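K.L.:
sequence below, structure please.
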Amino acid sequence: MQYRKINTLLGWLCFAIASISYILTLEPSVSFWDCGEFIACAYRLQVAHEPGYPVFAMLGKAFSLLSMGNNAKVPYFTNMGSALASGSTIMLLFWSITALCRKLIAYKGEEDADQSKVYLIMGAGLVGALAFAYTDTFWFSAVETIVFAWSSFCTALVFWAILKWDAHADDPGADKWIVFIAYVIGLSIGIHLLNLLTIPALALVYYLRRTQRITLKNALLAILTGIVILVFVQYGIRNYTVIGIAYFDLFFVNTLGMGFGSGAAVFIVLLIALLIAGLYYTTKYKKPMLNLAFLCCTFIYLGYSSFAYIPIRATANTDLDNNHPDNAFILNSYLNREQYGETPLLYGPYFDAKAIDQTDGATIYRKGKTQYEVAGKKQKLIYDHNTILPRMYITQGDQDYASAVQFYTSWLNLPQGQSPTFGDNLKFLFSWQIYQMYWRYFFWNFVGRYNDAEGMASMTSIDGNWTSGIFDGSKHLPKSVIGGDPSRPLEGVTYTPLFALPLIIGLFGLIYHFNRRKEDALVVTLLWFFTGIAIVLYVNQPNIQPRERDYSYVGSFYAFAIWIGIGVVAIADVLRKKLSAKVAAFAATAVCLLAGPVVLAKEEWKDHDRSTKMVPHDMAYNYLNSCPKNAILFCYGDNDTYSLWYDQEVEGIRPDVRIVNLSLFSGSWYIRQMTRKMNESAPLPITMPYEKYEDGVRDVIYFDDRKIPGYTELSDVFDFITSDNPATMAQYQNGESANYLPTKNFKITINKDEVIKSGVVPDSDRARLTDTLKFKFPPNYVTKENLAMIDILAHNHWKRPICFTSTVGDENMIGLEPYLYKEGFAYHLIPFTPDTTLKNQRENVNAMVMYDNVMNKFKWGNFKTAKYLDHEAKFMSYTSLLSAFLDLTQALTAQKRPDLALKVLAKYDQELPDLNPYIQIEGKKLYLAQAAYRLNDVVIGNKISKDIDDYLTDQLDYNYYLLQNNSGQIDPETIEIGVQVLGGLAQFTKDGHQNELSDKYAAQYKDYAGKFASVLSQAQR
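P.N.:
Okay, here's the model as predicted:
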């Protein structure tokens, strides 16, 4: 069989194997993080968060049509789009490896009689491609609707295309591959910017193929040229094109008095004319290189034109319309992610720097009624403590300022109050940014991993760390990591020791490649560097991130997989000293298939099989169904909001509920959006006209205590802080005046008839209603989201229920906690007289409403039967579920409804497995066991107690092993909580008349308290 035919068939075989694996393991519904938003935006062609993903949205829309009108199947098919894109990536990787190996072993084609070379080339392709197919990071993105699957496909496509050009560079018309690459790069901007990072490697391939004499100097110039092209595409085409459109439009609208968009149209026409003129000139006067450059620019623009989708759909006022980028100024801010702040790269402050001054930057324009208006100036802070190449930085307005400072000082072991030095800066760069936030991820994929717990904050902890499985002392590791307890089938699922076999094969390939073909090895190295370490340097991640960031570096893992394939050639070369070339090729392929793809697939399958997981969908369903009809539901984090958007926008679940994301509510565009009807939800009761809160107006209102006695009616406060009367404003030394907040003590006078008529509570609860809802506003300033919330609270008059998801932090509830009652997975604002006996106001429960929701309405995400639960399901959702059962059981018990409390306990036992994501959760379980004993449900009480005991003794035994052998790695918090909970178990089982268990737990408590006496005494200090 001909080489080309074998190569083609085996490439498609790789596609089939990978795609089938991903389809079998893909999540059947929405996933956590951005997936819910992406599915909702694709399905209804809406505007996702910046910097926008128009091509991804359109691809998602195409796959969503396969649902044939069954909206619950939309995410399955959009997830399948990622699976097929990822399968295609594997196919292209196979062909890229075979192309490089063909050059490596000098296979000349059909005239080459040595068939062993064909076997070896194909074996290398199979090993490298299938090994990458089953790596942790790539597989994770392959089974959900996320941009990184399609981004990886674009990376694979352009790298394969440049190798295709390399093979045919001397043929007429070969440069069509370069133009094709330019078009794919333009399109890929509408998926993710990571694809641009392939450009330096592509430029080097072009240089190596076209030059007659390779020198180090010229190679470096080629790489530098690639970087210049990268910068040109990123900033010149992607960024300054939009800036040019913006300022043309500004001139035509504000100076010439023409309509919005007129200047944009003229700019686009001039740009097209320039490209056409350039193509005409370079063709007529036979300037092939310049002609190719103009062709590439034209096709990049052609691909980039997909971003016209963003203002078009924004103008349509879709439900999800992030930042409402309907004009070029907002579009530029949107594309540059200005909402997230600027990252200092070459010069900037240390984390302990103090702002000592500020300067005005560029003018900020907003779209007015007939022309663009000045909204203000960008502000640049001047700091007292700066450095070149700043790696540790934080702005003083950051909500997590204190925790960020604590992290930096802890990571660097800085004494209290000591400022960091440039040496500390470099130490943080290499130890945290490069090692912890890149190499740790690299080792996850090619060496192995302990578990999927978040592990950014420690280089030595088990959680989130890498392991080969050879030297990690697995016989001493806790069962919570390695599994082995049949009663806890989910334990050990994410323990994936790979014995470093993929890494070893890849290193063989890397060394062999540099020894035999340095030029090609340098190309792969460049691809690895720019899609790995270069991202670390450019993104400059400060302190702890909201989630692990391994997905950002999948391109560099792709590059290393090429060397895994080449490793087969290296091993075969060694075997040929003892075996024939044919036997060596087959033997090397067989060994490497077992050590690479087979080991990876065996170990990684169990923690990537999401086929039975429904947690994100069902948690969002529960949030929505915790709300009364026509409720306003305030939420905050991505993992609340995006799944809620999916459930409502795609499946049409509870369209009467208005979802309000508090982190977006700080934007004037979002407040304005909330004043429109959405689905079946009426506009929010926001009374402010847009002019009162548009960009640059009342961005922040500072507290200025005027010693007003008692509590002030909230509507009066609102009227005061939104008044344009100069008498209501504070005068500043610079001559400016602004509204201020004169008091933080607010009240809402309650009309009980109004509350009952609106259905907030039944008439039977009239006696529980307070006459005046009083609360203290915690912050020292009112931001836009606070202002909008105050408006709603002051003018809603209880016509619409106001709810908060149970995961919203206290700081976002603006002091309303005493009046918030849990009714499932959301708190409902009810003006009952506060219960002053409660230590934690978040323990308020509207028991009978919550009971009905828990027993009759909620879904449970297949928690009991799922083969795999991801980090967010275990660490966030499971905690919320457990808290709901505990709070409801305790509330029903306190209200003398033991019959209902017992049913809730039975429901808990029916729906939830025994999970132990972290030590603190054992306290909740302890109190659930206590509740069971108090209700005389000995069976459930003993079951929970034994589960707690098994987990705690497992953790304490492991820590005692560390105490004896490596005391620096013990976890004092686990020891302290573990011993305390054991003591509680002994007491609660005794109270429940379970004397045998009580004696056992008491003995264990005494034993461990003695073993860890030194640790416990240190903790008490």
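
K.L.:
spatially nearest residue to residue 779 (excluding sequence neighbours)?
P.N.:
The spatially closest residue to residue 779, leaving aside those adjacent along the chain, is residue 786, at 7.1 Å (C-beta to C-beta, 6 or more residues apart in numbering). C-betas here are computed from N, CA, C, even on glycine.

K.L.:
neighbours of the one you found, how many?
P.N.:
When neighbours are defined as other C-beta atoms under 10 Å, residue 786 has 22 of them.

K.L.:
so it is in which element?
P.N.:
Under the criterion of DSSP states H and E, residue 786 resides in helix 784-795.

K.L.:
residues contacting that helix, please?
P.N.:
632, 634, 662-663, 665-668, 671, 674, 684-688, 693, 698-699, 701, 714-715, 717-718, 721-722, 746, 748, 777, 779, 782, 802, 814 (C-beta atoms under 8 Å, 6 or more residues apart in numbering).

K.L.:
can you show me the CA trace of the strand or helix carrying residue 511 as CSV?
P.N.:
Secondary-structure element containing residue 511, defined by DSSP H and E: helix 501-516. Extracted in CSV, the C-alpha atoms of helix 501-516 (Å, rounded to 0.1, in the frame of the first residue of the first chain):
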residue,chain,number,x,y,z
LEU,A,501,6.5,7.1,31.0
PRO,A,502,5.1,9.7,28.5
LEU,A,503,7.7,12.2,29.8
ILE,A,504,10.6,9.7,29.4
ILE,A,505,9.6,8.8,25.8
GLY,A,506,9.2,12.5,25.0
LEU,A,507,12.6,13.3,26.4
PHE,A,508,14.2,10.6,24.3
GLY,A,509,12.4,12.1,21.3
LEU,A,510,13.6,15.6,22.2
ILE,A,511,17.2,14.7,22.5
TYR,A,512,17.1,12.5,19.4
HIS,A,513,15.5,15.3,17.4
PHE,A,514,18.1,17.8,18.3
ASN,A,515,20.9,15.4,17.5
ARG,A,516,19.5,14.5,14.1
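
K.L.:
circling back to that earlier point, tell me how far the helix holding residue 786 lies from the chain's centre.
P.N.:
With C-alpha atoms, centre = their mean, to the nearest Å as the basis, helix 784-795 stands 29 Å off its chain's centre.

K.L.:
for the remainder of this discussion, apply numbering that starts at 4.
P.N.:
Will do, 4 is the new start, and the previous item becomes helix 787-798.

K.L.:
what is the mean pLDDT for the helix or strand following that helix?
P.N.:
Next helix or strand after helix 787-798 toward the C-terminus (DSSP H and E): strand 805-808. Averaged over strand 805-808, pLDDT sits at 96.

K.L.:
within the sheet, what are the partner strands of strand 805-808, with directions?
P.N.:
Looking at strand 805-808 with DSSP bridges, its partner strands are strand 635-638 (parallel), strand 829-832 (antiparallel).

K.L.:
all helices of the stretch 4-153 of the chain, in order?
P.N.:
Taking DSSP state H, counting those that start in this stretch, the helices of the stretch 4-153 of the chain run over residues 6-28, 38-46, 57-67, 77-107, 118-136, 139-145, 150-170.

K.L.:
closest to residue 765 out of those?
P.N.:
Counting by C-beta to C-beta, residue 765 lies closest to helix 38-46 out of these; the figure is 34.8 Å.

K.L.:
what's in contact with stretch 235-245?
P.N.:
Residues outside stretch 235-245 that contact it (C-beta under 8 Å, 6+ apart): 188, 192, 196, 199, 202, 274, 300, 303-304, 307, 331, 334-335, 338-339.

K.L.:
please name the nearest non-neighbouring residue to residue 645.
P.N.:
Nearest in space to residue 645, with sequence neighbours left out and distances taken as C-beta to C-beta, 6+ apart, is residue 39 at 3.4 Å.

K.L.:
ok, now residue 342?
P.N.:
residue 53 (6.4 Å).

K.L.:
tell me how many other residues surround that neighbour.
P.N.:
Neighbour number of residue 53 under other C-beta under 10 Å is 19.

K.L.:
list the contacts for residue 554?
P.N.:
Counting by C-beta under 8 Å, 6+ apart, residue 554 touches 140, 143-144, 149, 151.

K.L.:
could I get the pLDDT score of it?
P.N.:
Residue 554 is assigned 94 on the pLDDT scale.
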